[in-house]
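Peer 1: the following block contains a protein sequence and its predicted model.
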Amino acid sequence: MEKNIEITICGISFSITEKGYDLLDNYLKEIKNFYTEENEIVNDIENRIAELFVEKLVGQKKSITEEDVNEVINTLGHPADFDNENSDSIEIDTTTKKIKKHRFYVQWKLLINNAEEF
């Protein structure tokens, strides 16, 4: 028998196992540390977590398990993954003193690599 905890995410109540809660709590701390000044992003991530939890509670299932939390984390990814997926390069034009920011997406790189094979 596992201990369940009642939590509320984005106004929706969930029953979650203690291990699942610990895992979710650590994940949300990691997200909040990564997005320290961007509350809107944190709120969007919490909304998505709530949506995914609602999808997990189908049929007779009444609580979120550690496995459910792991699946949600794998779906959303860790903040360290966010940095690796998109890389920004900053270029400073010394004549105009303007900063140019370039964003290169992994998908774009894959598309270019695949095009070079032909």
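Peer 2: Nice, I can see it. Residues are numbered from 1 along each chain as shown.

Peer 1: give the contact list for the residue nearest to residue 68 when sequence neighbours are not counted.
Peer 2: In space, and not counting its chain neighbours, residue 68 is closest to residue 56: 4.7 Å by Cβ to Cβ, 6 or more residues apart in numbering. For the C-beta atoms, the positions are set from N, CA and C on the backbone; glycine is no exception. Each residue near residue 56 by Cβ atoms under 8 Å, 6 or more residues apart in numbering is listed here: 64, 68, 71-72.

Peer 1: okay, buried residues for stretch 46-66 please.
Peer 2: Residues of stretch 46-66 classed as buried: 49-50, 52-53, 56, 63-66 (neighbour count, 16 or more other Cβ atoms under 10 Å).

Peer 1: same question for that stretch, mean pLDDT?
Peer 2: The pLDDT scores in stretch 46-66 average 93.

Peer 1: how long is that stretch end to end?
Peer 2: One end of stretch 46-66 to the other measures 17 Å (Cα to Cα, to the nearest Å).

Peer 1: do stretch 57-65 as well
Peer 2: The first and last residues of stretch 57-65 sit 10 Å apart, counting by Cα to Cα.

Peer 1: still on that earlier bit, nearest to residue 1, of the buried residues of stretch 46-66?
Peer 2: Closest to residue 1 out of the buried residues of stretch 46-66 is residue 63 (12.0 Å), distances taken as Cβ to Cβ.

Peer 1: the closest one and residue 14 touch, don't they?
Peer 2: Yes: the pair residue 63 / residue 14 is scored as a contact, 7.5 Å apart, by Cβ atoms under 8 Å.

Peer 1: joint contacts of those two?
Peer 2: residue 57.

Peer 1: taking the contacts of residue 56 together, which two end up most distant?
Peer 2: 64 and 71 (10.1 Å).

Peer 1: would you list every one of the helices in this protein?
Peer 2: 18-34, 39-56, 66-76, 79-85, 106-116 (DSSP state H).

Peer 1: which of those helices sits closest to residue 10?
Peer 2: helix 39-56 (4.3 Å).

Peer 1: helix 18-34 and that closest one, what's the angle between them?
Peer 2: If you take axes from the mean of the first three to the mean of the last three Cα atoms, to 10 degrees, helix 39-56 sits at 160 degrees to helix 18-34.
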